[in-house]
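Participant: any chance you could fold what I've pasted below:
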Amino acid sequence: LQAAARWYRAAAEQGFGHGQFNLGRCFENGWGVRQDKVEASKWYQKAAEHGDVYGQNNLGRACENGWGVKKDLELAFYWYQQAAEAGLEHGQFNLARCYGNGWGTSKQLREAVKWYTRAAEQGHADAQSNLGRCYENGWGLPTHLVDAAKWYRRAALQGHVYGQNNLGWCYENGLGVEKSLKQAVRWYRAAAENGHAHGQNNLGRCYENGLGVTKDLAEAAAWYRRAADQNNTAGKINLSRSLKAGWGTKRPPTRHSPTTNCN
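Facilitator: Residues are numbered from 1 along each chain as shown. Sure thing, here's the model as predicted:
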């Protein structure tokens, strides 16, 4: 890593934008150099001003979060916009977030959907999951549950835990897909085993009530405990119920084979 940082510095000091971006990443993450977010932001700025889209996006992140620079949402919006309009999916996703939340610009849900769609079509999993939520809830466009489930699925297949949990919810309730409790369990389990607290709580519900699986109160309590350990409110409530009823357990939940192989 130290050798890589030296070569990135050599390229950066010669004015190569992507070398400047990579040197910024080294300073941001402490790769081969002392971690220094001020120095990282300096190199992202140089890269951004040279037109490097990755530098523009990361400078936007720095401005959004106040990492090494003064927090400035309007400036974050500007740099995300530069990266987005140049076609970078990460910039498109971040620009959509700005429009969706009114960060550095007025809140415009239609614009948020537009940029989530552009990023999602390039395979950006976070954008796919968020676009699914827009379709499910009618944010910035008419509600369309089939499209919601489609985008949740695309995110889920990339291992995105929110997409997995939300696809499970679609299958449990027949939202945009044919209702299938077995498929609901498959996707809740995928999210749960990837550490997603809502997925863990939902998998616990399935075991408690025998939804798509054989009823198993001990297994339910084990998953509720996992969710509660992450401060999930529903998980804590459900774990408390299980303990009071006497079917709580301290054993770890059972792990299954990879969910992508489930029928």
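Participant: need the contact partners of stretch 51-68.
Facilitator: Applying CB atoms under 8 Å, 6 or more residues apart in numbering, the contact partners of stretch 51-68 are 17-18, 20-21, 24-25, 28, 36-48, 69-73, 75-80, 82-83, 86-88, 90-91, 94, 103. Any C-beta I mention is one placed from the backbone N, CA and C, and that applies to glycine too.
Participant: what do you get if the cut-off is 7 Å, keeping everything else the same?
Facilitator: Here stretch 51-68 makes contact (CB atoms under 7 Å, 6 or more residues apart in numbering) with 17-18, 20-21, 24, 37-38, 40-41, 44-45, 47-48, 69, 71-73, 75-76, 79-80, 82-83, 86, 88, 90-91, 94.
Participant: filter these down to just the buried residues.
Facilitator: The neighbour-count test (16 or more other CB atoms under 10 Å) marks 17-18, 20-21, 24, 37, 40-41, 44-45, 47-48, 69, 72-73, 75-76, 79-80, 82-83, 88, 90-91, 94 as buried among the contacts of stretch 51-68.
Participant: show me those residues that map onto helices.
Facilitator: If you go by DSSP state H, these have 17-18, 20-21, 24, 37, 40-41, 44-45, 47-48, 73, 75-76, 79-80, 82-83, 90-91, 94 in helices.
Participant: and the helices in the chain?
Facilitator: Using DSSP H, the helices of the chain run over residues 2-13, 17-29, 37-49, 53-65, 73-85, 89-101, 109-121, 125-137, 145-156, 161-173, 181-193, 197-209, 217-229, 233-245.
Participant: mind checking those for the one nearest to P253?
Facilitator: Taking CB to CB as the criterion, P253 comes closest to helix 217-229 out of the helices of the chain, the separation being 3.8 Å.
Participant: mind listing what's buried in that closest one?
Facilitator: L217, E219, A220, A221, A222, W223, Y224, R225, R226, A227, A228.
Participant: quick one: the residues you listed as TSV, columns for distance to A190 too.
Facilitator: Output for the buried residues of helix 217-229, formatted as TSV (distance: CB to CB, whole Å):
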residue	distance to A190
L217	22
E219	16
A220	18
A221	21
A222	17
W223	13
Y224	18
R225	19
R226	14
A227	15
A228	20
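Participant: closest to R118 out of these?
Facilitator: The nearest member of the buried residues of helix 217-229 to R118, counting by CB to CB, is A227 at 34.0 Å.
Participant: just the terminal-to-terminal distance for stretch 58-74.
Facilitator: 15 Å (CA to CA, to the nearest Å).
Participant: from here on, call the first residue 2.
Facilitator: Right, with 2 as the first residue, what we last looked at is stretch 59-75.
Participant: that stretch - what's its average pLDDT?
Facilitator: Across stretch 59-75, the average pLDDT comes to 97.
Participant: next, the buried residues of that stretch.
Facilitator: Of the residues in stretch 59-75, those scored as buried under the neighbour-count criterion (16+ other CB under 10 Å) are N59, L60, G61, R62, A63, C64, E65, W68, G69, V70, D73, L74.
Participant: chain center to it, what's the gap?
Facilitator: 19 Å (CA atoms, centre = their mean, to the nearest Å).
Participant: show residues contacting stretch 186-199.
Facilitator: 157, 160, 162, 165-166, 168-169, 172, 200-201, 203-204, 207, 213-214, 224, 228, 231, 233, 236, 256-257, 260, 263.
Participant: my bad, stretch 237-244
Facilitator: Contacts to stretch 237-244, defined as CB under 7 Å, 6+ apart, come from residues N202, G205, A221, A222, Y225, R226, A229, G249.
Participant: 10 Å instead, please
Facilitator: Stretch 237-244 has contacts (CB atoms under 10 Å, 6 or more residues apart in numbering) with 202, 205-206, 209, 218-219, 221-231, 233, 248-250.
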